[in-house]
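K.L.:
Next come a sequence and a model predicted from it.
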Amino acid sequence: MEFFNSHVLSIMTFLPLLVGAGIFLVPSDQFARLAALAGSILTFFVSLHVWHYFDAASAKVQFVESYIWMPEFGIRAIFGVDGISLLLVMLTTALLPLVILSLWHSHVKNLRFFLGAIMALQTGMLGALVALDLVFFYVFWEAMLIPMYFIIGIWGGARRIYATTKFILYTVVGSLLMLAAAIVLYISYHRQTGIYSTSILDLYSASLDPRTQLWLFGCFALAFAIKVPMWPFHTWLPDAHVEAPTAGSVILAGVLLKMGTYGFLRFAIPLFPQAVPTFAPILVFLGLVGIIYGALTAWVQKDAKKLVAYSSVSHLGFVVIGSVALLADGSLSSEALTGALYQMINHGVSTGALFFLVGVIYERRHTRMLADFGGLASAMPWYSVILIVATLGSVGLPGTGGFVGEFLILLGTFQSSPGAALLAGTGVLLGAIYMLTLCRKILFGPLTHEENKKLKDLTPLEFAYLVPLAVLIIVMGVFPEFFIGKSKASIEHLAKNYRSYSLAIDSH
Amino acid sequence: MIWMMVFLPLLGAAINGLVLRKAPKAVSHAIAVAVMLASFACAVTAFVQMMGAGGEARIIHGMPWISAGGFSAPFNLILDRLSGLMILIVTGIGSLIHIYAGGYMHEEERTSRFFSYLNLFVFMMLLLVLGDNMLVMFVGWEGVGLCSYLLIGYWFQDDANAAAGMKAFIVNRIGDIGFLLGIFLTFKHFGTVSFSELREMVGSGTLDAIKLGAVGWITLCMFIGACGKSAQLPLYVWLPDAMAGPTPVSALIHAATMVTAGIYMMARVNFLFYLAPSTMTVVAVVGGLTAFFAATIAMVQNDIKKVLAYSTVSQLGYMVMACGVGAFDAGVFHLLTHACFKALLFLGAGSVIVAMHHKQDMREMGGLSKYMPITHMVFLTGVLAIIGFPGLSGFFSKDEILWKVFTGGGPALWALGAVTAGLTSFYMVRLLCMTFYGPNRSDHHTRDHLHETSPMMWAPLVVLALLSAGIGYLGVPEVLGGQNVFHHFLEPVMMVPNQVAANWGSLTAHHSHSLEMGLMAASVGVMLVASAIAVKLYANGPAPVLGKWATNMRGTYDTLSNKYYVDEFYDAWIVQPLRDMSEFLWGIFDVKIIDGIVNGVGQVCALAAGLASFRMTGSVHRHSMVLVMGLVVLLVVLVV
């Protein structure tokens, strides 16, 4: 127990990888599924432990583990969570069992490899979230790419090679810039202090001149902007989603995209605070364009999956503007920042559900074209209920988590720039337009297509992975304090003190 | 008690919607009605308790809901005379309509989904009227919009219904953005969004110029919200289409309760509106114009529900106009009487529609008084109430508004209201004649099956008819020897802040009784003349002279019957351009330009790599190492 307590984050992070490797040793696919499911649920329980014992009143990083790796270069493996990463960790560990569950009856080729890739991906995501060391963050950040590359490239649709190549190239360009910037930061810190360190806990205190901060912020921001993806770096996303298998899309939209927005909060903003006033307007502008542009393009899509993909561009635009809502006194708006963090989780849940739902009808009809559906509410009433709940979460109806997130983002943005809030507000309207269009084209109207008349409603298995998400959408709207409460101290700390940021280690 | 009242309908919705989805009709109806009656009983008890305790406002504390930074919105409710009245209307009239709906939906195979939505609506509506802060109100506000969307599109197999539901939701969302901006502004300048705290702040001190300016914007933004929900110009377009829903829905949501939310909201923050004279002018004018504009359209509609829909828009205009001249109590009084008589008229129309086998065109009706005597009698009561026949409820509430508009808004606005009263009489009497009098114009098959509806349907109508006839006596003006009980009832809720008291002197000033009597006589005269004209033209079915007029005044007639082409205008100038732009953004900008650049860069790189690989035979690994090193050098050079 002692060992568990002091290594809980590394256990949580590497357990999936371990299980993923073990999957190749088990005799049958069914065992592999069972192992993957058990592994992911176990990981979830470990994360629950972290959630439970996390001290919400403290803005310090908790459950810290530190291992010396290359002392001469100052490279250590430091893991820790604060209120910001904790919520994203929980999102990741909660979503993964559902993803694996959705593959229960799947008979894709090389299922074991597929499951293994998913488990490895989970390690990559969790590692990137808990790493407090630039080198390790970078390693995990890149490590996420490899399983995703296989997931789309092997089990994807017809244009999968184009889509993966695009996805990888886009991301790698950003990553390399980030790596270069990280190296410069490392060198500068050494020149200042004579100490080699890659720990961001140290690097936060580096005092770089403003010009350097601008450049380095720019490099990090580009890497993150591609990942989010922010307009105009978003065109890899629709292709990746359309070609990715359902499980891949859910993970991609549910968690991977948040790595970009998380990167802003953990790295770009607190490491290079003096660049924030310069970059904030640019980011707000790109975010606003993303909100409106993403919504308008989503509206005219004919492929349901592409529609949901473009809606992500719009939703993540909200997260971006909420992350950089500068107030007159130079601090960030904690309301907007809270909203941004919460919106990352909401988006993961509701968009994850939407991708699952698109997958459900794709599996039955082998098409995702809206024109091939219509009137499904008669044939699949429970499916309709869940789709409507997910839609409501996506459009941010009060009573769903989406409302809490969007509201706080807009509230905070309004204190910073009323014009920006007004423009973003149109996104709320446009969101309703494209999502209700989706619902109407799939669910309502006459059942014209013969094939749709005998469609079966949700199976128990589909219920099993959809209902938790639908419930979560509503619970997160009615009891947001339960979730936000854990991150208040960390958010407040970042919002008020990002200009002289430091993360203390909770040593108990 | 309050929480029970609020959550009972939600419980009903959950049972019908999630647990007993396949229940027989009688069961789902019984559940829905039972929770409504229980909820009504709670509402009555709560109301009586509150009035027994002196009618003071009471805050009911609930759980903390959203808080972040300096913002917090707990789940608190407020029970005062205004919300107390609203919960009575919502649960009382709601119960009657729930009972009626069992009969109306008789031909459906199952009704659990229907009653689930209907119960859910009541839950949301109760949150709307009871919320003690703008955010809880907003939950109800959008929640009722959701139920409206679901119920308009209840018969989703017909794409037109689904489209109408979607239109309602989206047009309402435009208003909702206004509401949201109002909330943001309120928080920015007052640091709270709680109604009771705001009221205290405004009541206890003098606001500086900045806050006063902000209040102007806050009220304007909130009014935009009200325009959406209460179907005012230019956002009214969703309401006529909303008639695609089952008729009990039209009665409950689109006449008696939800659409009056805008008026309720303005009355809730009346102390802010009093501070914003410019907004008030806008409110009064928009209300007056809406009342008139919608009434002109109602004059030529042939669909019985469409007439009532435009009539609702018009009556809501009256209420809004009353708010605009500071007579929030008169607006709320009309809200109350309108809830009774318009619910009655819609349900009566529903009975007619059921008897006519779901035909709604009045040109195919006529002479129904013979076949449906009870429906005819109650409908007649409703018509007399809405046109303001002396002694019935609409007379008291409408004349209260017209009088307040005259003293507070001037003769021009009064004239607009009085003319509208004439138009109202005309279209309502026209509807009455075309439906119930003259020869029957339906086909044999329909006529043979014409009969009075079941007691389940007509009993609620009788109750509503009694209410429509009698409820006006709560507000008999002093000039007619009454006490205007209603006005005094709501007085504690209304608050004219001291610093603007001078602007609102007209509300309390003493006016000559003879003038009031004169105006009243004038509006009654207008009503009688307009009714007489309608009787003359329509008593025996549409008179031949109408056809001639329609030909001679083709332009006017077409404009009216096509509702001024407003929908076409919105479609051509807003929806289509937006759609075209979206197609361009995706088809050209996204796919051709951005991806063109991306793919172009890729090809150039591939080309360069091809050239470079003559000299470099390294792995990808080494390529990227070189690349990163190059970038680092570049950055160091740029930075240092």
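P.N.:
Everything's here; your move.
K.L.:
Output the below-cut-off pLDDT ranges for chain B.
P.N.:
Within chain B, the segments meeting pLDDT under 70 span B:609-631, B:634-640.
K.L.:
Would you map the strands across the stretch 101-250 of chain B?
P.N.:
For the stretch 101-250 of chain B, no strands are identified by DSSP state E, counting those that start in this stretch.
K.L.:
For residue A:489, give me its contacts.
P.N.:
For residue A:489, the contact set (CB atoms under 8 Å, 6 or more residues apart in numbering or on different chains) comprises A:56, A:57, A:58, A:59, A:83. To be clear about C-beta, it is placed using only N, CA and C from the backbone, and glycine gets the same treatment.
K.L.:
so how far is residue B:271 from it?
P.N.:
From residue A:489 over to residue B:271 the distance is 37 Å, taken as CB to CB, to the nearest Å.
K.L.:
Which residue ranges of chain A form strands?
P.N.:
A:62-70, A:75-81 (DSSP state E).
K.L.:
partners of the first one in the sheet?
P.N.:
If I follow you right, that is strand A:62-70. strand A:75-81 (antiparallel) (DSSP bridges).
K.L.:
sorry, back to before: do you know which of the strands of chain A lies nearest residue B:260?
P.N.:
strand A:75-81 (49.8 Å; CB to CB).
K.L.:
contact partners of stretch A:186-198?
P.N.:
Residues contacting stretch A:186-198 (CB under 8 Å, 6+ apart): A:72-76, A:133-135, A:182, A:202-203, A:206-208, A:212, B:636.
K.L.:
If we go by neighbour counts, what in that stretch is buried?
P.N.:
Neighbour counts using 16 or more other CB atoms under 10 Å in any protein chain shown place A:186, A:188, A:189, A:196, A:197, A:198 of stretch A:186-198 among the buried residues.
K.L.:
same deal with stretch B:554-569?
P.N.:
So for stretch B:554-569, counting by 16+ other CB under 10 Å, buried means B:557, B:560, B:563.
K.L.:
Pull the contacting residues for the last one.
P.N.:
For residue B:563, the residues meeting the contact criterion (CB under 8 Å, 6+ apart) are B:240, B:297.
K.L.:
ok, it to chain A distance?
P.N.:
To chain A, residue B:563 is 23 Å away according to CB to the nearest CB, to the nearest Å.
K.L.:
what do you get for the second one?
P.N.:
Spatial separation of residue B:560 from chain A under the definition CB to the nearest CB is 30 Å.
K.L.:
That residue contacts residue B:296, correct?
P.N.:
Yes - with contact defined as CB atoms under 8 Å, residue B:560 reaches residue B:296; the gap is 6.0 Å.
K.L.:
Longest helix of the chain, counting residues only.
P.N.:
Using chain A here. helix A:160-193 (DSSP state H).
K.L.:
hmm, I had chain B in mind actually
P.N.:
helix B:159-190.
K.L.:
Looking at the record's assignment, how would you partition chain B?
P.N.:
According to automatic domain parsing, chain B comprises the domains B:331-560, B:567-639.
K.L.:
Could you identify which of the ones you listed is most buried?
P.N.:
With neighbours taken as mean count of other CB atoms under 10 Å in any protein chain shown, these reach their highest mean count in domain B:331-560, at a mean of 19.
K.L.:
one step back: got the buried residues for the longest helix of chain B?
P.N.:
Applying 16+ other CB under 10 Å to helix B:159-190 flags B:159, B:161-187, B:189-190 as buried.
K.L.:
could the strands of chain A be laid out in TSV, adding mean pLDDT?
P.N.:
What follows is the strands of chain A, written out as TSV (pLDDT from 0 to 100):
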stretch	mean pLDDT
strand A:62-70	90
strand A:75-81	92
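K.L.:
most packed of those?
P.N.:
strand A:75-81 (a mean of 22).
K.L.:
what sits up against that strand?
P.N.:
Here strand A:75-81 has contacts from A:9-10, A:13, A:50, A:54, A:61-69, A:89, A:129-133, A:135-136, A:198-199, A:201, A:503, A:505, using CB under 8 Å, 6+ apart.
K.L.:
before we move on, the earlier item: which of the buried residues of helix B:159-190 are close to chain A?
P.N.:
With CB under 8 Å from any CB of the partner chain as the criterion, those include B:159, B:161-163, B:166, B:169-170, B:173-174, B:176-177, B:180-181, B:183-185, B:187 near chain A.
K.L.:
what's the spacing between the closest residue to residue B:265 other than its chain neighbours and residue B:589?
P.N.:
Nearest residue to residue B:265 in three dimensions, chain neighbours excluded: residue B:226, at 5.7 Å (CB to CB, 6 or more residues apart in numbering or on different chains). Distance of residue B:226 to residue B:589, computed by CB to CB: 37 Å.
K.L.:
next one: residue A:111
P.N.:
In terms of CB to CB, residue A:111 sits 40 Å off from residue B:589.
K.L.:
likewise residue B:30?
P.N.:
57 Å.
K.L.:
Same check on residue B:185?
P.N.:
According to CB to CB, residue B:185 and residue B:589 sit 34 Å apart.
K.L.:
pull the CA atoms of stretch A:478-495 into PDB?
P.N.:
These are the backbone C-alpha positions of stretch A:478-495, laid out as PDB (Å, rounded to 0.1, in the frame of the first residue of the first chain):
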ATOM      1  CA  VAL A 478     -26.700  19.900 -12.600                       C
ATOM      2  CA  PHE A 479     -23.800  19.300 -10.200                       C
ATOM      3  CA  PRO A 480     -20.900  21.200 -11.800                       C
ATOM      4  CA  GLU A 481     -19.400  22.000  -8.400                       C
ATOM      5  CA  PHE A 482     -18.600  18.400  -7.900                       C
ATOM      6  CA  PHE A 483     -16.200  18.500 -10.800                       C
ATOM      7  CA  ILE A 484     -15.100  22.200 -10.800                       C
ATOM      8  CA  GLY A 485     -14.500  22.100  -7.100                       C
ATOM      9  CA  LYS A 486     -11.400  20.100  -7.500                       C
ATOM     10  CA  SER A 487      -9.800  22.600  -9.800                       C
ATOM     11  CA  LYS A 488     -10.800  26.000  -8.300                       C
ATOM     12  CA  ALA A 489      -7.600  26.600  -6.300                       C
ATOM     13  CA  SER A 490      -5.400  25.700  -9.300                       C
ATOM     14  CA  ILE A 491      -7.400  27.800 -11.700                       C
ATOM     15  CA  GLU A 492      -7.400  30.800  -9.400                       C
ATOM     16  CA  HIS A 493      -3.700  30.400  -9.000                       C
ATOM     17  CA  LEU A 494      -3.000  30.300 -12.700                       C
ATOM     18  CA  ALA A 495      -5.400  33.100 -13.500                       C
END
